[in-house]
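>>> next come a sequence and a model predicted from it.
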Amino acid sequence: MEFLALIAGAAVVVAAPLVPTLRPAAKKVVAGGVAVFDATRTAVAIAGENWMDLVAEAKAERAAEAEARAAAVETIEITLPDEG
C-alpha cells in the first residue's frame, strides 16, 4: 500500500508541470494526509497514556491486596470447658 502511495506521489510530481491544475489538488491531498497523520499520532499518544495509567492502577491494587493479606492476622477462638 505504501509502495502504491509512493508511485502515485512520484507520478504527481512528474505530471505537475504538465497539468497546472494538478498541483493544488496534490497539495490538498498531502495536507489531508498530514492531518490524518497528526490525528493518528495524537490518538496513539492518548491511548498509550491511558494504558500506562491502567497498568499503574492495576499494580497499585495488587500491591495493596498483597499488603492487606500480609497484615491480616488469623485468629482462632478456643473455648475451654469449665473445670469445677
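In hand now; what should we look at? Residues are numbered from 1 along each chain as shown.
>>> any weak-confidence spans in the protein?
1-6, 73-75, 84 (pLDDT under 70).
>>> repeat that for 50
Residue ranges of the chain with pLDDT under 50: none are present.
>>> from the contact counts, what lies against the longest helix anywhere in the chain?
What stands out as the longest helix in the chain, according to DSSP state H, is helix 22-71. In this structure, helix 22-71 makes packing contacts with helix 2-15, judged by 3 or more CB pairs under 8 Å, 6 or more residues apart in numbering; DSSP states H and E. For the C-beta atoms, the positions are set from N, CA and C on the backbone; glycine is no exception.
>>> which SS state does L18 fall under?
coil (DSSP: H, G, I helix; E, B strand; the rest coil).
>>> next, it: phi, psi?
Main-chain torsions, L18, degrees, to the nearest 10: phi -80, psi -30.
>>> gap between it and V30?
Going from L18 to V30 by CB to CB, to the nearest Å gives 19 Å.
>>> show me which of these two is the more surrounded one.
V30 (12 against 7; other CB atoms under 10 Å).
>>> distance of the more buried one from A63?
For V30, the distance to A63 - CB to CB - is 49 Å.
>>> ok, A25 next?
Distance from A25 to A63, by CB to CB: 57 Å.
>>> list the contacts of G32.
Contacts for G32 (CB atoms under 8 Å, 6 or more residues apart in numbering) come out as none.
>>> the one 5 residues further on now?
Contacts for F37 were tallied using CB under 8 Å, 6+ apart; there are none.
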